[in-house]
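# attaching a predicted model along with its sequence, questions to come.
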Protein chains: 2
Amino acid sequence: MPNKNKVLFIDDDDGLQIVVGDYLEDNGFEVIGAQNGEDAKKAVKENQDFNVILLDLTLPDTQGFALLPELTASGAPVIIISGKTDTTEKIVGLEMGADDYITKPFEMRELYARIKAVMRRVDKPADSVTDAPVEKKAQKKIEFKEFYMDPSQYQVFDANGESLDFTTGEYNLLEALASSPNHVLTREYLFDLTRDGKFDVYDRAIDIQVARIRKKLSPATGEKEVIKTVRGVGYMLSTDEMAA
Amino acid sequence: MPNKNKVLFIDDDDGLQIVVGDYLEDNGFEVIGAQNGEDAKKAVKENQDFNVILLDLTLPDTQGFALLPELTASGAPVIIISGKTDTTEKIVGLEMGADDYITKPFEMRELYARIKAVMRRVDKPADSVTDAPVEKKAQKKIEFKEFYMDPSQYQVFDANGESLDFTTGEYNLLEALASSPNHVLTREYLFDLTRDGKFDVYDRAIDIQVARIRKKLSPATGEKEVIKTVRGVGYMLSTDEMAA
DNA sequence: CGCGAATGTTTCATTTTTGAAAAAAAATGT
DNA sequence: ACATTTTTTTTCAAAAATGAAACATTCGCG
């Protein structure tokens, strides 16, 4: 191996810069740090040959996302680091071309593993038979509880990977709910998200659809409703996790 | 009205550019068109005062979403135009800061209506009920004593993170009290804040609701009432902290 | 065009939430 | 301590919101 692998680490947190930087350097990487968008852009421009780019988008809200197009354009795989568990952010990130996604706080070992993984993926784009299992690019799957949803199939699966036979409409509604777990969403909001036309306050269509979804989920969840109703407001997909 | 309202229309389809452009101009807008991401960026940069930005996600160069951060940063509301009925896309778009979403094909009248709607919303941010495709912005959690209230869940939690099973009405009232801790609030004020209609001096509804709230808080607080009664005036949520 | 699946509507039952009334308790002033 | 006023408590019924079932309609596809 002639040269060390080069990592661009974009994060404005000094502490993390040091911790992550040291760790990666100890493990044979050359680490270039950037504390803000400008530095990051400059770095990619001057230095085209990064093997991996780590992008923390915790801070200036959507600012981090704006960098993504330029970063991916450099050809290097991008791993997003985020503070939120938010599913949407993950999807957006992957949708915009990031290669993987890791949530803070994370173990150094895990970060290392992911860096290795994306690099491996880039090295041999057309995977042939290898001894190492070939990881796929991170999926835009949505998960909650023991279920996961596959947008490409418009389908929901239980812990055993069994399809729950959702209709497209049911899928869409559940996805809307799952995209903001532990948030009460009004019927109107759900309506707007999942169908056209104007919402009428007395419209029970959402209720019915929720009932149908509950029925399909119930074999797996038993008594506890994953979708809680909040009287006078709307519905909420609950993961029973403590809010931070 | 001194100046026309300015619209930035980002779409690579020539046909649409003409149709939409003409229609909006006929209806009193000044329309600036952009056919790709670069032009769009340039337009917002040079021209900060758009009233609305229309973004078609199916662009040639940039991933449409990638533009979103920069567009919203300009302060103008963004309406996403998309060909797909895809719910995911809607969710992601709104979550990333777009203000509304419209699916192709659409009626000109509808587009017009939505433009009007988002402009209205920008003018008076307080307007919530009328038309609201956008989920309410993340509200801040309220804390007092060992409790915390999560507006997105309409729920109160104790120190252990256990839900106290508040009803929406109870939540609202407690929120009203908690938003002005150590201030006595009159029943009338609380009434106005938490429900519609006119307050009647002999109305004991607030009292009863307060009682219910106290009961739910009492397991955690014991004897000491968090909500203090101020005879002849109203109620006060006390944090026992010295006033500044 | 017709069939079946998917979804919306309507209606009625059930649950939850809330306010009213009455009575007890607490505070206030004399 | 007593009378008066205000607040609390309790019970209970009304109202509001939701769930469920049955039925109607729409949609997609062969």
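Cool, got the structure.
# please parse chain A into its domains.
A:5-123, A:142-237 (automatic domain parsing).
# worst average pLDDT in the ones you listed?
Ranked by mean pLDDT, the domains of chain A bottom out at domain A:5-123, with a mean of 85.
# leaving out chain neighbours, which residue sits closest to the residue nearest to the spatial centre of chain A?
Residue closest to the average C-alpha location in chain A (C-alpha atoms, centre = their mean): residue A:90, at 2.0 Å. Sequence neighbours aside, residue A:101 is the residue nearest to residue A:90 in space, at 5.0 Å (criterion: C-beta to C-beta, 6 or more residues apart in numbering or on different chains). Using the backbone N, CA and C atoms, a C-beta is placed for each residue, glycine as well.
# beyond whichever helix or strand the one you found is part of, next helix or strand please.
For residue A:101, the host element (DSSP states H and E) is strand A:100-103. Sequence order places helix A:108-123 as the next helix or strand after strand A:100-103, per DSSP H and E.
# could you look up the SS state of the residue lying closest to residue A:35 once chain neighbours are set aside?
Using C-beta to C-beta, 6+ apart and skipping residues adjacent in sequence, the residue nearest residue A:35 is residue A:12, 4.8 Å away. With DSSP: H, G, I helix; E, B strand; the rest coil as the basis, residue A:12 sits in coil.
# list the contacts of residue A:141.
A:148-151 (C-beta atoms under 8 Å, 6 or more residues apart in numbering or on different chains).
# distance from the chain centre to the helix or strand harbouring the residue nearest to the centre of chain A, please.
Using DSSP H and E, residue A:90 maps to helix A:87-95. How far helix A:87-95 lies from its chain's middle: 4 Å, per C-alpha atoms, centre = their mean, to the nearest Å.
# how about the helices in chain A?
A:14-26, A:37-46, A:63-73, A:87-95, A:108-123, A:168-179, A:187-194, A:205-221 (DSSP state H).
# which among those is found nearest to DNA strand C?
Ranking the helices of chain A by distance to DNA strand C, with C-beta to the nearest atom of the strand as the measure, places helix A:168-179 first at 2.2 Å.
# buried stuff in that closest one?
For helix A:168-179, burial by neighbour count (16 or more other C-beta atoms under 10 Å in any protein chain shown) applies to A:169-179.
# what does stretch A:80-94 give?
A:80-82, A:87-94.
# what's the answer for stretch A:102-122, then?
Across stretch A:102-122, burial judged by 16+ other C-beta under 10 Å covers A:102, A:111, A:114-115, A:117-119, A:121.
# ok, those residues vs DNA strand D, which is closest?
Closest approach to DNA strand D among these (C-beta to the nearest atom of the strand): residue A:121, at 34.3 Å.
# which parts of chain A sit against chain B?
Neighbours of chain B within chain A, by C-beta under 8 Å from any C-beta of the partner chain: A:62-63, A:65-66, A:68-69, A:88-89, A:91-92, A:95-97, A:151, A:172, A:175-176, A:179-180, A:182-185, A:188-189, A:192-194, A:196, A:230-233, A:236, A:242-243.
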